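**Q** Fold the following for me, if possible:
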Amino acid sequence: MEDAVFASHAHDGGQRLRPRGSNQVGMRQFNERVVLQAIRLHGPLPKAEIARLTNLTAQTVQIIIARLEAEGLVLKHAPLRGRIGQPSVPMALNPDGAFSIGIKIGRRSLDVLLLDFAAQVRERLTLDYDFPDPDTLFDEIRARLKLLRKSLGPKRAQLLRGVGIAAPLSLGGWQSLLGVAPEHAARWSAIDIEAQVQEMTQLPVALCKDTAAACVAELVAGRGRSVRSFLYVFVDTFIGGGLVIDSHLRSGATGNAGAIGSMSMGAALQGEPPRQLLSVASLFTLEKMYAQAGLDTGAVADARAMQAPWLPVTQAWLALAAPGIALAAHNAAALLDLESVIIDGSFGRELLAATLAQVDAALGRYDWEGLTRPSLMAGAIGADARAVGGALLPLYGSFSPDRDLFLKDDA
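**A** Next up is the predicted model:
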């Protein structure tokens, strides 16, 4: 089967990726997925515009749309009037056409989301903890999977396409920094998370590194629809990231590409090794600073982070975190020639804006001779990015023209 071609073109004032179909016989499923991808990338489209974007004939698009509409995957929007000739009817993804479940297992919290076909969160179930206990966590996941399935009802539950899990590759790592007993953290090294969840359901289950899953969400439903190559930075309990090159998530030989949290903050000279970025630019560090000042640590997730009395502490954290993120971005740009650096996280949007401003200022202090400075952008998904990315894995596996869009094996 011929691979999908993603060309870039101007549309609605910005650059968007352009899925291209084939008019050859035997390409029915491929072309259906190309049409769905065009609508996902650009929003509701008339059939004539779909034909133009995908390089398919008008007759082929007509047949495909009729088939997708009969299958409940697309639906008609109100006709566009005011033009010469018959009004055109935009076709949109049917949010109720398919569903998936995303599970984010974090070091401080669990999120289980129900995602619809339009990549919108329908239900969100959360659980906070100091550190995940494997003896109880999987029981909590099982209970939440049952609740989400029940919320859909018997008929719509048949439209579930799978479960995607986002979790750190080293869930038990950095226990001294977190203050977790080594024997407690070490238990995670012997646990197959994917297999544990697969025992709970007959649906397909996929596992992805948590920050890579967040990058998937940005790639599919956020800035990645118009940016082909970018470093993705996600600020959470620990800072991490993902790497997108030519509209594909690059996993690396061990699945850990884009792990900027482990990047060194300086050269390794004699004596103590340099600190890693996660030691200064993680929300765990900011929470500790709040606690030492006698402040509510929950302010990291809302507007209070940029208000008194939290603001001076936040500014002190930014003075450490922003230069570290800028260093990682500069080094990545020199190595990979990136279009953009996209920053998101589980903090409030006010703190995200302040982080972007400080990182931008820090990037301005570097010598860019011989390099192209990448643009700096705010992520479009937010705190749900990891669970949303997990949920997108089965949806994209079922409906993308390029099944390996973000699951390519670089090994």
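
**Q** next one: phi and psi at the residue nearest to Val74 when sequence neighbours are not counted?
**A** Leaving aside its sequence neighbours, Val74 sits nearest to Leu68 (Cβ to Cβ, 6 or more residues apart in numbering; 4.5 Å). C-beta coordinates here come from the backbone N, C-alpha and C atoms, glycine included. Leu68 adopts backbone torsions of phi -70, psi -40, taken as degrees, to the nearest 10.

**Q** contacting residues around Leu68?
**A** Glu32, Val35, Leu36, Val74 (Cβ atoms under 8 Å, 6 or more residues apart in numbering).

**Q** ok, so what distance separates it from Cys215?
**A** Here the criterion is Cβ to Cβ, to the nearest Å. By it, Leu68 lies 28 Å from Cys215.

**Q** do the same with Ala185
**A** Per Cβ to Cβ, Ala185 is found 25 Å from Cys215.

**Q** ok, those two, which is more surrounded?
**A** Applying other Cβ atoms under 10 Å to Ala185 and Cys215 shows that Cys215 carries more neighbours, namely 36 against 20.

**Q** The more buried one reaches Gly242, doesn't it?
**A** Yes: Cys215 is within contact range of Gly242, at 2.7 Å (criterion: Cβ atoms under 8 Å).

**Q** overlap in contacts of these two?
**A** Tyr232, Phe234, Leu249, Gly258.

**Q** Of the residues you listed, which pair is most distant in space?
**A** Greatest spatial distance among the shared contacts of Cys215 and Gly242 (Cβ to Cβ): Phe234 and Leu249, at 13.1 Å.

**Q** so what sits against both of those two?
**A** Overlap of the contact sets of Phe234 and Leu249 (by Cβ under 8 Å, 6+ apart) consists of Cys215, Gly242.

**Q** of those two, who's got more company?
**A** Neighbours were counted for Phe234 and for Leu249 using other Cβ under 10 Å; Phe234 has more, 31 against 28.

**Q** tell me which element the more buried one is part of?
**A** Using DSSP states H and E, Phe234 sits in strand 230-235.

**Q** okay, that strand in CSV with CA atoms only?
**A** Below are the C-alpha coordinates for strand 230-235, written out as CSV (Å, rounded to 0.1, in the frame of the first residue of the first chain):
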residue,chain,number,x,y,z
PHE,A,230,9.7,20.8,17.0
LEU,A,231,11.0,20.1,20.4
TYR,A,232,8.2,19.6,22.9
VAL,A,233,8.7,20.6,26.5
PHE,A,234,6.2,19.5,29.2
VAL,A,235,6.7,20.9,32.7
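
**Q** Show me the contact partners of it.
**A** Identification of contacts with strand 230-235 by Cβ under 8 Å, 6+ apart yields 211, 214-215, 218, 223-224, 239-244, 258, 260, 281-283, 321, 325, 328-329, 332-333, 336, 338-347, 355, 374, 377, 379, 385-386.

**Q** please redo it, this time with the cut-off set to 6 Å
**A** The contact list for strand 230-235, computed with Cβ atoms under 6 Å, 6 or more residues apart in numbering, reads 211, 214-215, 218, 240-242, 244, 332, 338-345.

**Q** Filter the residues you listed down to just the ones in strands.
**A** Members of the contacts of strand 230-235 lying in strands (criterion: DSSP state E): Gly240, Gly241, Gly242, Val244, Ser340, Val341, Ile342, Ile343, Asp344, Gly345.

**Q** So the second one sits against Gly258, correct?
**A** Yes: when contacts are counted by Cβ atoms under 6 Å, Gly241 is listed as touching Gly258 (4.3 Å).

**Q** which one of these two has more residues nearby?
**A** Neighbours were counted for Gly241 and for Gly258 using other Cβ under 10 Å; Gly241 has more, 30 against 23.

**Q** gap between that one and Arg365?
**A** As for Gly241, its distance to Arg365 is 21 Å (criterion: Cβ to Cβ).
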